[in-house]
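Participant: need coordinates for the below:
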Amino acid sequence: MSDESSDHKQSRLFTTEDGDFDEDRAKADALPVEDGEVVDTGELADHQRYVEERGIYDERNRVNDLTGREWKFATKSVIPEQYPPAIQHDLRSEHGGQKPPRLCLALIQRFSKAGDLVLDPFAGVGGTLLGASLAEYEGTGRRDAVGFERTERWIDIYETVLERENADREARGEGPLAAQELRHGDCADLVEDVETDGVDFLLTDVPYWDMDKVEQTRNEVETRDSKLGDFDDDDRQTKADWLDEMEAKFAQFRRVVTPDGYVAVFIGDMYREQSYNMLSAELADRIEAAGYTLKANLVWYDPSKDLHVYGYPFSFVPSMVHQNILVFRND
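Facilitator: Okay, the predicted model is just below:
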């Protein structure tokens with residue numbers, strides 16, 4: 001019988017009185033630890049390397065820069081994360097559909113590598129762009145990002161957010177967030193200037209019909225009214241027209257997304273006219289029809305979201321506290 005490796009012998013020394021592995025003691029002695037055991041770095045394969053505090057990284061990883069331990073966590077289908085107001089939230093919340101930059105960062109980390117190009121064709125106030133910049137300090141390395149936005153107000157807000165946030169970061173002794181490129185115009189036109197296969201990851205929150213054209217205000221009632229417009233108002237797209245438009249645009253985006261590159265799309269379901277509208281399923285069908293393969297439906301559950309009493313006491317109506325994140329691959 002062969003002798004045990006020195007690292008495995010050491011792992012037995014770092015046990016509690018109950019015989020459990022004492023990870024803190026092992027780390028205090030600067031030993032590499034993975035999944036509750038000391039890593040025998042001498043037994044790693046040629047394509048593996050140990051990354052301190054993060055685990056074992058496989059050099060064959062073409063999807064992202066995550067270690068095996070990080071990858072396992074990232075595959076969870078539910079993201080039960082409350083993202084507190086941050087990065088000039090008061091400014092960004094002028095846009096009714098803004099997404100937390102650190103949530104965007106988490107998705108960018110899952111589906112891209114350091115130095116990759118990330119595209120957001122419906123960029124809004126730039127949550128995706130801010131997430132790509134945050135990766136330089138809070139992730140595995142900065143990504144470059146390009147956003148398209150047809151409402152100049154949202155572009156102005158992104159630029160102001162970046163200016164103010166970097167002033168705050170400087171005051172705290174932190175490095176600045178890189179300025180990303182946010183282009184003004186319709187994505188159907190702007191995407192024509194993007195290099196074929198030039199985008200490594202596409203992350204976006206699709207507009208709901210013409211909601212991005214509706215003036216948003218800080219008045220809670222007016223803002224809520226603008227978000228809850230009916231499908232078939234005379235001055236709005238019908239749902240069918242909206243789905244047609246989304247299919248056409250995602251078909252157009254395929255040219256610029258690298259083969260086997262990933263696409264992640266935020267989409268919330270809706271309750272309308274006493275009926276649940278599973279927009280996520282309908283949109284997924286259309287994006288697949290545009291040529292992509294659906295790989296996952298991640299659910300972002302926001303515990304901080306306010307609950308509303310709908311339907312009581314006559315009918316059950318859900319209070320939406322989640323959004324779907326549809327994940328596709330450009331096969």
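
Participant: name the SS class of Glu247, please.
Facilitator: Recorded secondary structure, Glu247: helix (DSSP: H, G, I helix; E, B strand; the rest coil).

Participant: these two touch, right, it and Ala290?
Facilitator: Yes. Using C-beta atoms under 8 Å, Glu247 is in contact with Ala290, at 5.1 Å. Glycine gets a C-beta too; all of them are placed from N, C-alpha and C.

Participant: how about the strands in the stretch 51-200 of the chain?
Facilitator: Here the stretch 51-200 of the chain has its strands, by DSSP state E, counting those that start in this stretch, at 55-58, 78-79, 117-120, 144-149, 181-184, 199-205.

Participant: can you list the strands that the top strand by length along the chain pairs with?
Facilitator: Counting residues, the longest strand in the chain under DSSP state E turns out to be strand 257-267. If you go by DSSP bridges, strand 257-267 pairs up with strand 199-205 (parallel), strand 322-329 (antiparallel).

Participant: and the next element down the chain from that strand?
Facilitator: strand 270-272 (DSSP states H and E).

Participant: buried set for that next one?
Facilitator: Met270 (16 or more other C-beta atoms under 10 Å).

Participant: please apply the same query to stretch 46-62.
Facilitator: Buried, per 16+ other C-beta under 10 Å, within stretch 46-62: 48, 50, 55-57.

Participant: what average pLDDT does that stretch get?
Facilitator: For stretch 46-62, mean pLDDT is 91.

Participant: swap in stretch 310-318?
Facilitator: For stretch 310-318, mean pLDDT is 90.

Participant: ok, now stretch 273-283?
Facilitator: Per-residue scores along stretch 273-283 average to 92.

Participant: thinking again about what came up before, looking at the strands paired with strand 257-267, which is buried most?
Facilitator: Highest mean neighbour count of the strands paired with strand 257-267: strand 199-205, a mean of 25 (counted as mean count of other C-beta atoms under 10 Å).

Participant: show me where this protein dips below the pLDDT cut-off.
Facilitator: Within the chain, the ranges that satisfy pLDDT under 70 run 1-40, 209-235.

Participant: list the helices and strands the helix of greatest length in it packs on?
Facilitator: In the chain, taking DSSP state H as the definition, the longest helix is helix 152-171. With contacts taken as 3 or more C-beta pairs under 8 Å, 6 or more residues apart in numbering; DSSP states H and E, helix 152-171 sits against helix 89-92, helix 127-138, strand 144-149, strand 181-184.

Participant: any chance of CSV for those, columns distance to Gly198?
Facilitator: Listed next are these as CSV, based on distance: least, C-beta to C-beta, whole Å:
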stretch, distance to Gly198
helix 89-92, 27
helix 127-138, 15
strand 144-149, 9
strand 181-184, 13
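
Participant: which of those sits closest to Leu294?
Facilitator: Shortest distance between Leu294 and these, using C-beta to C-beta, is found for helix 127-138: 20.5 Å.

Participant: what's the angle from the closest one to helix 152-171?
Facilitator: Angle, helix 127-138 to helix 152-171, by axes from the mean of the first three to the mean of the last three C-alpha atoms, to 10 degrees: 20 degrees.

Participant: what lies in contact with helix 127-138?
Facilitator: Helix 127-138 is contacted from outside by 87, 92, 98-109, 114, 118, 120, 123, 141-145, 147, 158, 161-162, 165, 174-175, 177-180, 182, 203-205, using C-beta atoms under 8 Å, 6 or more residues apart in numbering.

Participant: out of the residues you listed, which are buried?
Facilitator: Neighbour-count burial (16+ other C-beta under 10 Å) is assigned, among the contacts of helix 127-138, to 87, 92, 98-109, 118, 120, 123, 142-145, 147, 158, 161-162, 165, 177-178, 180, 182, 203-205.

Participant: now Pro207, nearest residue through space, not along the chain?
Facilitator: Phe122 (5.6 Å; C-beta to C-beta, 6 or more residues apart in numbering).

Participant: for the one you found, list the residues it contacts.
Facilitator: Counting by C-beta under 8 Å, 6+ apart, the residues that Phe122 touches are 148-149, 187, 204-207, 212.

Participant: any chance of those in JSON lines, plus distance to Val194?
Facilitator: Conversion of the contacts of Phe122 to JSON lines gives the following (distance: C-beta to C-beta, whole Å):
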{"residue": "Phe148", "distance to Val194": "9"}
{"residue": "Glu149", "distance to Val194": "15"}
{"residue": "Cys187", "distance to Val194": "10"}
{"residue": "Thr204", "distance to Val194": "14"}
{"residue": "Asp205", "distance to Val194": "19"}
{"residue": "Val206", "distance to Val194": "18"}
{"residue": "Pro207", "distance to Val194": "19"}
{"residue": "Asp212", "distance to Val194": "21"}
